[in-house]
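Undergrad: Dropping a prediction and its sequence here:
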Amino acid sequence: MRIGFTYDLRDDYLVQGLDEEAAAEFDRPETIDAICQAIESFGHTAQPIGNLAALMPRLLAGERWDLVFNIAEGLYGHAREAQIPALLDAYRIPYTFSDATTLALCLHKGLAKHVVRDCGIATPDFVLVESAADIVRIGLPLPLFAKPVAEGTSKGISGASKITDRATLGRTCRDLLARFAQPVLVETFLPGREFTVGVIGSGAAARPLGVLEVLATGAGDAEVYSFLNKEDFESRCEYRLEHGSVAHAVEQVALGAWRALGCRDAGRVDVRLAASGEPHFIEVNPLAGLNPERSDLAFIVRFQGLDYRDLIGMILEAALQRVTTGTETVLAAAAS
């Protein structure tokens, strides 16, 4: 099978002048190499394509693939992760991971929380700050937590993201509005344990891959999974798999959110416990990082005695099963 491979390479954007934080979501060369090697180890042909600008001329020249392994994050707009999937849909080329609708919805954390809450899944109370004028109207009780509404890799999250007084709330919101030029999500801060749940599969077939607890250690920002904690995880974080009743409760919240948002194939759902111990949905990453040494999904499979090839194999299996037996095949047949 010819499998195209779309991605955004971090080095390409650093050369263009982006700083490390702005380029943090983009992939390192070792991730691209590892995914290609894993795909080819299953007997497929991996054909690296690159980003949106590299994909478009190849499509216009008539090039096609049996499947595209898509991890491209995009660069501009709240629907940036949806751009390549939407283009592939237009050319009726199947691809891994979630479709354009889900990727656009989930990147906007406020919209995703509206859907999840409407489906009866617990999530912290929240408001959206679109301008400095909105700050005085925030009526949620302290402590609060603030972050950009449409970023990943904990961009914009630091020790200052937990807010315990109104003056800090104003300063933090104004800083985030200026730095990221997008709304700020302000939500009730939950003081309990923090987990990220790996999920494999789509719809009713989705299943938890593992529940990973994230703890700050050493120099790490306490109580928040900050940008610096993620970038320097070796000295700032500790990870461990959770089992038993707590893990089961966290898994149920994660699977409920995953299905409510229409996520597919593989990804992660972040869940945090309230003071009562009740798990709450925080956010979902339907296009989760796949660095073999740095990503949370890689940690989860490694802690369970599996390897990186196993992870890529599960993703390919979930995508191919969906493509060959699901609605995409039916729609393609009806259109032909």
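TA: Sure thing, it's come through. Residues are numbered from 1 along each chain as shown.

Undergrad: domain parsing for the protein?
TA: 2-98, 125-188, 194-324 (automatic domain parsing).

Undergrad: which of those is buried the deepest?
TA: For the domains of the chain, the largest average neighbour count (mean count of other Cβ atoms under 10 Å) is found in domain 194-324, namely a mean of 19. Heads up, the C-betas are built off the backbone N, CA and C, glycines and all.

Undergrad: Can you measure across it, start residue to end residue?
TA: For domain 194-324, the first and last residues are 36 Å from each other (Cα to Cα, to the nearest Å).

Undergrad: Let me see the mean pLDDT of it.
TA: When pLDDT is averaged over domain 194-324, the result is 94.

Undergrad: Tell me how far it lies from the chain's centre.
TA: 9 Å (Cα atoms, centre = their mean, to the nearest Å).

Undergrad: tell me the secondary structure for residue 3?
TA: strand (DSSP: H, G, I helix; E, B strand; the rest coil).

Undergrad: Could you list which residues are in contact with it?
TA: The neighbours of residue 3, taking Cβ atoms under 8 Å, 6 or more residues apart in numbering as the test, are 39, 44, 45, 46, 47, 65, 66, 67, 68, 69.

Undergrad: Let me have the domains of the chain in a markdown table, extended by distance to residue 115.
TA: Converted to a markdown table, the domains of the chain look like this (distance: least, Cβ to Cβ, whole Å):
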| stretch | distance to residue 115 |
| --- | --- |
| domain 2-98 | 14 |
| domain 125-188 | 13 |
| domain 194-324 | 6 |
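
Undergrad: so which of these gets nearest residue 106?
TA: Checking the domains of the chain against residue 106 by Cβ to Cβ gives domain 194-324 as the closest, at 5.1 Å.

Undergrad: circling back: filter the contacts of residue 3 down to just the ones in helices.
TA: Counting by DSSP state H, the members of these that fall within helices are residue 39.

Undergrad: any idea of the mean pLDDT for the helix or strand containing residue 55?
TA: Using DSSP states H and E, residue 55 sits in helix 52-60. Averaging pLDDT along helix 52-60 gives 97.

Undergrad: before we move on, the earlier item: residue 104 is nearest to which of the domains of the chain?
TA: Closest among these, using Cβ to Cβ: domain 2-98, at 4.1 Å.

Undergrad: Now do the strands in this structure.
TA: Per DSSP state E, the chain carries strands over the ranges 2-6, 45-50, 67-70, 126-129, 144-148, 162-163, 184-188, 194-200, 207-216, 237-241, 266-273, 279-285.

Undergrad: Save those as CSV, and put in distance to residue 33 too.
TA: Formatted as CSV, the strands of the chain follow (distance: least, Cβ to Cβ, whole Å):
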stretch, distance to residue 33
strand 2-6, 11
strand 45-50, 9
strand 67-70, 13
strand 126-129, 39
strand 144-148, 30
strand 162-163, 38
strand 184-188, 35
strand 194-200, 22
strand 207-216, 23
strand 237-241, 24
strand 266-273, 19
strand 279-285, 22
